[in-house]
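Participant: coords below, sequence missing:
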C-alpha cells in the first residue's frame, strides 16, 4: 500500500493568484495540486498525496494561531505518513509558514515532516527543529528540488536511516553524521588549500563551535570550616575498575567512598583512562587525585573536611554532552551533601 | 632529493618452504621470518613465541588486537636502508630507489599492551572503515613471556621491532623483482624550488607526530619525537621509512607505520607539485603532554612556516583530546604569520553526534577536513575466524563492557577499527 | 564538567595541564599542573619531593577557591 501524504502550499503555487490573493484562508483540496504533481511522479506509486492544503501567505502571517489550529485539525483527521510543505524557495512569508506549520505538525501530532526552501529564507531558522531541504532561490529550481525532497520524504516514510546533510541535501542540523566522501581526506585538504590560496570560496567540513560561559561563584570565606570534594576526569577508580568505566567514550561515572582512606596506593587504586600513559597513575593515584595531601590539610585544620565521596569519569573521547550530564548529576549530589567547593583534576 | 618507488603488486600470499615473490604472489616460510625476528635480543627476551597467519580481502576473518601495520619494502639503490636508526643504521634515506611490495602488509597482533589497539575485519561492514581490509595481510601474533605485565614498555618495544623486522625480511624478497610500475618524487632546495616555480604558491605539510608517551611514541630516524624540537624533513624521507609508529592512541586515529610510509598528504601534495603549488617540504612537530612543550613546539612550527616564506600549510593531527590543543595552537600561530592553513582532524561528537567535536577551537581554523565521528556505533557481525584474540574487545578504546556479544559479534564505536578516522586523510570517511 | 558544577552553585577550581582547553571550555578558576599523565606528581622526583609539589599545587587550588574572581583566571602562583 502506498504511503499517504498531506501537502501544504501557498496561493501562488496553487495558482489561485499572486500577492493580491495572499489573504486567503486555508482550504483543503483532494489529491495533488501544483508542485505535488512532481513529488508524486518521483514517488512512482510508493506514496500519494491524499490532501493538499492551500493557504495565503499573508493570512498565515497575520492569523498564525487560527491558521495553525485549522491545519492541525485537518492533518490530524487525515493521519498521513508524512506532512510535506513547499518548497518555498526564497519566498519569506511562505518559507516561514512552511517551517512553522511543519514544526507544529511534528511536535503536536508526532507526524514526520519535511519542507524545502532557500538557505537564506527566514523560515530556515527552524532547520534544527525540522528537516529542511536546501533549494535554489527561485521557483526555477523546482526541477532539482522536487526529486530531492521526494527521495528524502520516501526515506522518512520507510523509516530508513537518514544520511549526512551533504548527502541527502537537507540543511545541517548541528548533528554530526558520518558518510563516505568520493575523495580521500588528504585530497580534499589539498583542494581546499588551493582554493584558499586563490581566494576562491571553500566550505569547511567542520565549522568551529562557540562555547557558553557560566559566571564564577563567590569564593569560600572560611576554608577551615569548608567541606571540599575531589572530582576527576582522569579515571581514578578502585583497583579492578568495579564499575567497568570504559577506557574511552565513557557511558557512566563512578562514585567512590574514601571514608578513612589516607593515601591511594597501587594495591587499591588505578586509572581506567585510555588516553594517557597509565603507568604513573597506577603507581600512585595521588598524582591524579590528591587524597593524601587533602587528608594532610584536613588533619592540620587548613580545610574543614575532605568530602567522603569522590566522583570519577574518563575524559578520554567522552562526548561533551555525556560529561556534562554526569557532572550536572553529581553536582546535585554534592550540593545535597553540603559540599562547599570542588577541586576537579584533569589529565 | 629524488626518490624512485618501484611497485611490485602482491595479489596473493602463500605459506611455502621456499621464500620468493613470483608473478604477484609472495611465497613465504614463516620459520624464516621468525628466525629473522629472533636475531634481535629484545625480541628474544620478551616474546615467548610467534604464530603466523594470512588474511585476504573478502575472507570472514577478524584480526585483533592490532598493534601496527607495516608495508614491506627494500632499498635497492642509494643511501640508507629500511627504518634507519631502528633497523638499518642511521643514514639519510629518501633518495635512490626503493622497491615496494604493494597490496600487502605485515600486521602485528597479540596480547594487549595498552588500551589503544584495534580491529581489522576483512569483510562485512567493518571492512568498509579500514583500508587494511583491502590488503593481503601477513599477520604476526606475538606471545609474551611470563610476567610481561610488569614490563609493558619492554614488551611493546620488542613487538614493534619484531613487526619491523618481519617487514624487512619480506621486503628483501622484492630486491631482484622487476616492478610493475615505477614513480619518481622530487622536491628541491629552497632557492632552487623558488626559481623553478616562481609563480606557484609555496606550500608545506605540517605533520604532527603523536608523542603523548602512551606506552611509546613516534620515531624519526630512531629518535623519540617527544624529545625533538619541531624540524624540517624531506617528503621523500618519510616515504622511505624515516618515520614509524610506536605509539598507542585509539586505533581509529593512530597513524600506523603503513600510514607514514604511504602518507596521503605527501602523495596529494606531490600530485599538485609544479602544477598548482610548489611543495616545499614537511615540517614535523610533536604532541607532548607538557603545556610548555606544546607552546614551544607550536611557536617553532609557526616560526619555520615564516622562515620558509610559505603561502600555505596543511596540518594533520594524530590522536584526539589534548592534541586538539596542539592542532589549534599550530593552526592559530601559523595563520597569524600570514600563512594560510587547512587542517585534517577527526571528531568525538558523541554517539548521537550532538556534542562538540574537538576539545579546543579557534575561529582562525576556518578550513577543516574531518575523518568522521569516531564515536559512531557499529555492529561488527561474527567472523568465521579470529586471528589474535577477542579477549580485549571490551576494554580497548571505543569498546565497553559487553561490546563482545555471546554470538561473537561486536557492538562498539568505530574508534576500535584500525585507521577508521585517520587524520592524515587516508580514508573516505567524513562527517557533516 | 567544571561548568556544570559551577552552574549548580558550587565554586570549583580546575587543576589541569592543558590550560588552553580549560580556558576554551570555560572554567573560571584554573590551576596549571605538571603533565597530562601525572598532573599532581612527577615520577622523576623522590616521593617526598613529589609530595611537596602536590602540597604546593593543592594549596594553590585552595587559594583559588578563596579568591573572588570576576573572569576566567589562571592561578600561576
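Facilitator: Received it, and whenever you're ready, just let me know what you need. Here the structure is a predicted model, which is why all the values come from computation and not from measurement.
Participant: hmm, who's touching the helix or strand hosting residue A:327?
Facilitator: Per DSSP states H and E, residue A:327 falls inside helix A:320-336. Contact with helix A:320-336 is made by A:229, A:231, A:233, A:250-253, A:255, A:307, A:309, A:311, A:313, A:315, A:342, B:350, B:352, B:354-356, C:1-5, C:7-10, as judged by Cβ atoms under 8 Å, 6 or more residues apart in numbering or on different chains. Backbone N, C-alpha and C define where each C-beta goes, glycine included.
Participant: so in that sheet, which strands flank whichever helix or strand comes after that helix, and in what orientation?
Facilitator: Counting by DSSP H and E, the next helix or strand C-terminal to helix A:320-336 is strand A:341-345. Next to strand A:341-345 in the sheet, as set by DSSP bridges, lie strand A:227-232 (parallel), strand C:12-16 (parallel).
Participant: now do the buried residues in strand A:341-345.
Facilitator: Going by neighbour count (16 or more other Cβ atoms under 10 Å in any protein chain shown), the buried part of strand A:341-345 is A:341, A:342, A:343, A:344, A:345.
Participant: which of the contacts of helix A:320-336 fall within helices?
Facilitator: Mapping the contacts of helix A:320-336 onto helices (DSSP state H) picks out C:2, C:3, C:4, C:5, C:7.
Participant: from residue A:259, how far out is the first one?
Facilitator: Same thing as residue C:2. Using Cβ to Cβ, to the nearest Å, residue C:2 is found at 25 Å from residue A:259.
Participant: over to the last one?
Facilitator: Here residue C:7 is placed at a distance of 28 Å from residue A:259 (Cβ to Cβ).
Participant: of those two, who's got more company?
Facilitator: The neighbour count for residue C:7 versus residue A:259, taken as other Cβ atoms under 10 Å in any protein chain shown, is higher for residue C:7 (17 against 7).
Participant: could you list every residue that touches that one?
Facilitator: Applying Cβ under 8 Å, 6+ apart, the residues contacting residue C:7 are A:214, A:328, A:331.
Participant: go with 6 Å
Facilitator: Counting by Cβ atoms under 6 Å, 6 or more residues apart in numbering or on different chains, residue C:7 makes contact with residue A:214.
Participant: any idea how far it lies from residue C:61?
Facilitator: According to Cβ to Cβ, residue C:7 and residue C:61 sit 20 Å apart.
Participant: please enumerate the helices of chain C.
Facilitator: Counting by DSSP H, the helices of chain C are C:2-7, C:19-25, C:47-65.
Participant: out of those, which one sits most buried?
Facilitator: Mean neighbour count (mean count of other Cβ atoms under 10 Å in any protein chain shown) peaks for helix C:2-7 among those, with a mean of 23.
Participant: quick one: mean pLDDT over that one.
Facilitator: Averaging pLDDT along helix C:2-7 yields 92.
Participant: cool, stretch B:165-179 as well?
Facilitator: Throughout stretch B:165-179, pLDDT has a mean value of 98.
Participant: end-to-end on that stretch?
Facilitator: Distance between the two ends of stretch B:165-179: 22 Å, counting by Cα to Cα, to the nearest Å.
Participant: grab the nearest non-local neighbour of the residue of chain A found nearest chain C.
Facilitator: Nearest residue of chain A to chain C: residue A:287, at 3.1 Å (Cβ to the nearest Cβ). Among residues not flanking residue A:287 along the chain, residue C:41 sits closest, at 3.1 Å (Cβ to Cβ, 6 or more residues apart in numbering or on different chains).
Participant: near chain B, which residues of chain C?
Facilitator: Residues of chain C lying close to chain B (Cβ under 6 Å from any Cβ of the partner chain) are C:17, C:18, C:20, C:21, C:24, C:35, C:36.
Participant: break down the stretch 1-150 of chain A into its strands, ranges please.
Facilitator: For the stretch 1-150 of chain A, strands defined by DSSP state E, counting those that start in this stretch occupy the ranges A:3-10, A:27-30, A:47-55, A:82-85, A:113-118, A:132-135.
Participant: and if you look at the stretch 151-300 of chain B?
Facilitator: Using DSSP E, counting those that start in this stretch, strands in the stretch 151-300 of chain B cover B:181-186, B:202-210, B:218-220, B:223-224, B:231-233, B:243-245, B:278-287.
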